[in-house]
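Provided below for reference: sequence and predicted model.
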Amino acid sequence: MSKILGEEQIKENALSRFWQMIRISWTFERLTEQEQERLHKVIFSTQTENAVKGTFEQRWAILHAIYTSFLMALDYNPTNWRKKEKDLPKF
């Protein structure tokens, strides 16, 4: 069985494992505190819980789609999105 973050893919753990992964991502780091709180509410909402069904992989794909949609609503750009001052070139 393949593994994500070093644990077996038990379908009931998909949501908590996904949240652990998101929290260490560079995109999450660039969210404001308020956006992080909103994302937490969305990920752990009853609506999401009711939508996340199937195998671990299916649940992971649903959660990834939710997170991608959340980022797109914040005008996410994979190359220059919310660069921090320390990341900007010093010309």
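Yes, it's here.

sec struct for the spatially most central residue of the chain, please.
Compute the mean C-alpha point of the chain, and by Cα atoms, centre = their mean the closest residue is residue 22, 4.0 Å away. Of the three states, residue 22 takes helix according to DSSP: H, G, I helix; E, B strand; the rest coil.

from what I see, it and residue 68 are in contact.
No. Residue 22 is beyond contact range of residue 68, at 11.1 Å (criterion: Cβ atoms under 8 Å). C-beta coordinates here come from the backbone N, C-alpha and C atoms, glycine included.

shaky segments in the chain?
Of all residues in the chain, those with pLDDT under 70 make up the ranges 1-8, 84-91.

show me what the top helix by length along the chain is packed up against.
Criterion DSSP state H: the longest helix present in the chain is helix 56-73. In terms of contacts (3 or more Cβ pairs under 8 Å, 6 or more residues apart in numbering; DSSP states H and E), helix 56-73 is packed against helix 14-23, helix 33-43, helix 46-51.

what sits against the residue nearest to the centre of the chain?
28, 39, 43, 67 (Cβ atoms under 8 Å, 6 or more residues apart in numbering).

separation between the last one and residue 42?
Distance, residue 67 to residue 42, using Cβ to Cβ, to the nearest Å: 9 Å.

so for the two, which sits in the more crowded spot?
Just comparing residue 67 and residue 42: by other Cβ atoms under 10 Å the higher neighbour count belongs to residue 67, 21 against 14.

how about the contacts made by that one?
18, 22, 39, 43.

most packed of the helices and strands packed on helix 56-73?
helix 14-23 (a mean of 17; mean count of other Cβ atoms under 10 Å).

which parts of the next helix or strand after that one are buried?
Where DSSP states H and E defines the elements, the next helix or strand beyond helix 14-23 is helix 26-29. Going by neighbour count (16 or more other Cβ atoms under 10 Å), the buried part of helix 26-29 is 27, 28.

now for helix 26-29, which elements pack on it?
By 3+ Cβ pairs under 8 Å, 6+ apart, helix 26-29 packs against no helix or strand.
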